[in-house]
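Participant: what follows is a predicted protein model with its sequence.
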Number of protein chains: 2
Amino acid sequence: MLELAILGFLYDAPLHGYVLRRHIAALTGHVRPVAESTLYPAIKRLEKAGLLARATEPGAVAAPRHVLRLTEEGGRELKRRLAEPAQREITDENHWFTLLAFLRHLEDPAAQAAVLRRRLAFLQEPASFFYDGDRPLSAEELDDPFRRGVLTIARATSRAELAWLRDTLASLDRAGR
Amino acid sequence: MLELAILGFLYDAPLHGYVLRRHIAALTGHVRPVAESTLYPAIKRLEKAGLLARATEPGAVAAPRHVLRLTEEGGRELKRRLAEPAQREITDENHWFTLLAFLRHLEDPAAQAAVLRRRLAFLQEPASFFYDGDRPLSAEELDDPFRRGVLTIARATSRAELAWLRDTLASLDRAGR
DNA sequence: GCACAATACCTCGCCATCGAGGTATTCCGT
DNA sequence: ACGGAATACCTCGATGGCGAGGTATTGTGC
């Protein structure tokens, strides 16, 4: 998820770590902050894997900046990760939102649509949070107001997302023809 | 999050690891599956911390079962974690839903309401996923249909949750008087 | 003139998670 | 009679994330 965000931001423009951190904080920081001690090692991992390269520039204000840019391999890897996400990236909303934030980089409408269809399939699976044996419980059946809240909120999210998915898939299909 | 779920399920009734695993899978498994190699060490951690105790019973079907039950200390710890959740439990929907699933164990309506108010405060902070400098961008301002989707879905979720929070807080306040 | 915030990057050690693999038993289908 | 699925639990090594802490520079408030 973090690596995807790094690759995604750098695909648009070279950035140095400090600015990259602010970008990532804006994207997902209110929900899940990213520590520096997570970001910098992640950058090193990606650099070691040949996905990005750094150029040292004199710092505008303070210490020298390491300006990061995607290598060609890095661009290919980004597209691979966007086109063939692991199942976790589809099911976990945090991961999914990060993926959506960069899905435009995938360019090919058919490839974008294929990813959206995986999410659609996931959302259409009958799944709840609470069960009576194997039978999923609806919000109305629960006494607990907090569990009822979980189902109410999840249902609203699901409805909104299904509507958006159908609209967007329709317009991607038009674009693909 | 995993530890909270373990404590929460065991607060209701003693269970052995295998059944506990199915309960957790039902609760969060469709979004974020839990590996056995994560669950069993987590059980051991909690046991070592004195929060739960195990009693070995002959297996009903196969290997002997280790029936787990909360200790008194475990019950107190559960309530502490429910009453004073870390900020991540408030902001991250996965964590938050897990917390909500067990918040009824907190019994005191005022304590429950205090937790909901923390979530309310979080949702009311002006925060977006995408910015133009410091200015949060609305769905309408985005060209990218995928980023627009993120905002559309997040807005629907937020709306539904705010409505539910206000209703539930009102009824908790009535109960607390 | 001096502390403090912000910029900009880094290491270290701890810990939770995970996949792969292992052990043993019982039930079910063929 | 036999293999595979389900039950039930476990270890190990690799890895990613995180808090604490460190280094150095420049701009800002008092």
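Facilitator: Sure, I can see it. Numbering: from 1, shown residues only, chains lettered A, B, ... in the order given.
Participant: going forward, measure contacts and count neighbours with C-alpha atoms only.
Facilitator: Will do.
Participant: show me what from chain A comes close to chain B.
Facilitator: Contact residues (CA under 8 Å from any CA of the partner chain) of chain A with chain B: A:26-28, A:30-32, A:88, A:91-93, A:97, A:100-104, A:127-131, A:144-147, A:149-150, A:152-154, A:156-157, A:160-161, A:164, A:168.
Participant: buried among those? Make that a PyMOL selection.
Facilitator: The following PyMOL line selects those of those that are buried, judged by 16 or more other CA atoms under 10 Å in any protein chain shown:
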select buried, chain A and resi 26+27+28+30+31+32+88+91+92+93+97+100+101+102+103+104+127+128+129+130+145+146+147+149+150+152+153+154+156+157+160+161+164+168
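Participant: among the residues of chain A next to chain B, which ones are in strands?
Facilitator: Within the residues of chain A next to chain B, membership in strands is found for residue A:131, as judged by DSSP state E.
Participant: out of the residues of chain A next to chain B, list just those in helices.
Facilitator: A:26-28, A:88, A:91, A:93, A:97, A:100-102, A:145-147, A:149-150, A:152-154, A:156-157, A:160-161, A:164, A:168 (DSSP state H).
Participant: output stretch A:20-30 as PDB, restricted to C-alpha atoms.
Facilitator: The C-alpha coordinates for stretch A:20-30 follow below in PDB (Å, rounded to 0.1, in the frame of the first residue of the first chain):
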ATOM      1  CA  LEU A  20       6.600  12.600  -0.800                       C
ATOM      2  CA  ARG A  21       5.800  12.200   2.800                       C
ATOM      3  CA  ARG A  22       3.500  15.100   2.900                       C
ATOM      4  CA  HIS A  23       1.700  13.800  -0.200                       C
ATOM      5  CA  ILE A  24       1.200  10.500   1.400                       C
ATOM      6  CA  ALA A  25       0.000  12.100   4.600                       C
ATOM      7  CA  ALA A  26      -2.600  14.000   2.700                       C
ATOM      8  CA  LEU A  27      -3.800  10.900   0.900                       C
ATOM      9  CA  THR A  28      -4.100   8.400   3.800                       C
ATOM     10  CA  GLY A  29      -2.600  10.200   6.800                       C
ATOM     11  CA  HIS A  30      -5.900  11.100   8.500                       C
END
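Participant: does that stretch come close to DNA strand D?
Facilitator: No. Residues of stretch A:20-30 are not located near DNA strand D by CA under 7 Å from any atom of the strand, the shortest gap being 9.8 Å.
Participant: just confirm yes or no for that stretch near DNA strand C.
Facilitator: No. Applying CA under 7 Å from any atom of the strand, one finds that stretch A:20-30 is not in contact with DNA strand C, the shortest distance being 7.6 Å.
Participant: mind checking the pLDDT average for that stretch?
Facilitator: Per-residue pLDDT values across stretch A:20-30 average out to 93.
Participant: equivalent analysis for stretch A:94-112, please.
Facilitator: Within the predicted structure, the mean pLDDT of stretch A:94-112 is 96.
Participant: from the chain's centre, how far out does that stretch sit?
Facilitator: Taking CA atoms, centre = their mean, to the nearest Å, one finds the center of stretch A:94-112 at 8 Å from the center of the full chain.
Participant: end to end on that stretch, go ahead and measure it.
Facilitator: Across its full length, stretch A:94-112 reaches 18 Å end to end, with CA to CA, to the nearest Å as the criterion.
Participant: now swap in stretch A:57-77 and tell me
Facilitator: The separation between the terminal residues of stretch A:57-77, taken as CA to CA, is 26 Å.
Participant: hmm, who's touching it?
Facilitator: Residues outside stretch A:57-77 that contact it (CA atoms under 8 Å, 6 or more residues apart in numbering or on different chains): A:7, A:10-11, A:13-17, A:50-56.
Participant: and the residues you listed, which is closest to DNA strand C?
Facilitator: Using CA to the nearest atom of the strand, residue A:17 is the member of those that lies nearest DNA strand C, at 3.4 Å.
Participant: what's around residue A:76, how many residues?
Facilitator: Neighbour count for residue A:76, taken as other CA atoms under 10 Å in any protein chain shown: 13.
Participant: was I right about residue A:30 contacting residue B:90?
Facilitator: No. Counting by CA atoms under 8 Å, residue B:90 is not a contact partner of residue A:30; they are 10.5 Å apart.
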